[in-house]
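Undergrad: With the sequence up front, the predicted model follows.
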Amino acid sequence: MPDQSVQNSTPLTTNQIVEGILEREGENGPDFLTPGDRGGRTSWGISERAHPEAWHNGPPTKDEARVIYFRTYVGPFLDVAQPDARNQLVDFAVTSGVKTAIYYLQRTLGVTPDGYIGQKTRAALDGVDSRLLNNALVAARLKFIDTLTDTEKSQKQFEEGWESRALSFLTL
């Protein structure tokens, strides 16, 4: 599978998007807890806080995580025709929540943010330059990270990693 940290002109399939997330997230080890992580225990990027049902019988497996990614994080962005932006939005949703990713997409498009991709958001996406949209989303994501880590000092330890992850989606 190609390195997803380098955007290219070949659109990623939804399978490649999910496999890239699984590769970035990985299994968090035997204790599944990173000190200070607001999501609590996490396995394959699936946090106990966001997905308690997935943790009912212990940490989710890679296959269970894959299903959650398709259902929860890929599904809302299937209508985004710009492939690099779609890839990044799925990743942004994984790290910050679907509504947050949509909210920042809407702000980037100049649509009143409501956290749902409806008719106005889809209309705003029509004809938008894919590279410009994607890179504007990177900038919005960096601003979100900066605001979060300034507001919640306990999250400062994750800032560099989150910024590197966001910057990996830049399209040249």
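TA: That came in fine, so what should we check first?
Undergrad: For A124, which residues are in contact?
TA: The neighbours of A124, taking CB atoms under 8 Å, 6 or more residues apart in numbering as the test, are 106, 109-111. All C-beta spots, glycine's among them, are computed from the backbone N, C-alpha and C.
Undergrad: That one - that's part of a strand, no?
TA: No: if the criterion is DSSP: H, G, I helix; E, B strand; the rest coil, then A124 is helix and not within a strand.
Undergrad: what's the distance between it and T112?
TA: 10 Å (CB to CB, to the nearest Å).
Undergrad: and what of S154?
TA: For S154, the distance to T112 - CB to CB - is 32 Å.
Undergrad: can you check E163 too?
TA: Counting by CB to CB - E163 and T112 are separated by 28 Å.
Undergrad: Looking at those two now, which is surrounded by more residues?
TA: E163 (16 against 8; other CB atoms under 10 Å).
Undergrad: How much space separates the more buried one from K156?
TA: 11 Å.
Undergrad: if we can go back for a sec, of all the contacts of A124, which comes closest to D91?
TA: Proximity of the contacts of A124 to D91 (CB to CB) peaks at Q106, which lies at 17.4 Å.
Undergrad: Pretty sure that closest one sits against T121.
TA: Yes: Q106 is within contact range of T121, at 5.7 Å (criterion: CB atoms under 8 Å).
Undergrad: in the protein, which helix has the most residues?
TA: When the chain is parsed with DSSP state H, its longest helix is helix 130-151.
Undergrad: The lowest-mean-pLDDT helix or strand in the chain: what's the following helix or strand?
TA: Ranking every helix and strand in the chain by mean pLDDT, DSSP states H and E puts strand 42-43 at the bottom, with a mean of 88. Sequence order places strand 46-47 as the next helix or strand after strand 42-43, per DSSP states H and E.
Undergrad: ok, back up a step: so what does the longest helix of the chain touch, helix or strand wise?
TA: Applying 3 or more CB pairs under 8 Å, 6 or more residues apart in numbering; DSSP states H and E, we find helix 130-151 packed against helix 83-96, helix 98-109, helix 159-167.
Undergrad: got the buried residues for it?
TA: Neighbour counts over helix 130-151 (16 or more other CB atoms under 10 Å) mark 130, 133-138, 140-141, 144-145, 148-149 as buried.
Undergrad: what's the answer for stretch 11-25, then?
TA: For stretch 11-25, by 16+ other CB under 10 Å, it's 12, 14, 17-22, 25.
Undergrad: Brilliant, that's me finished.
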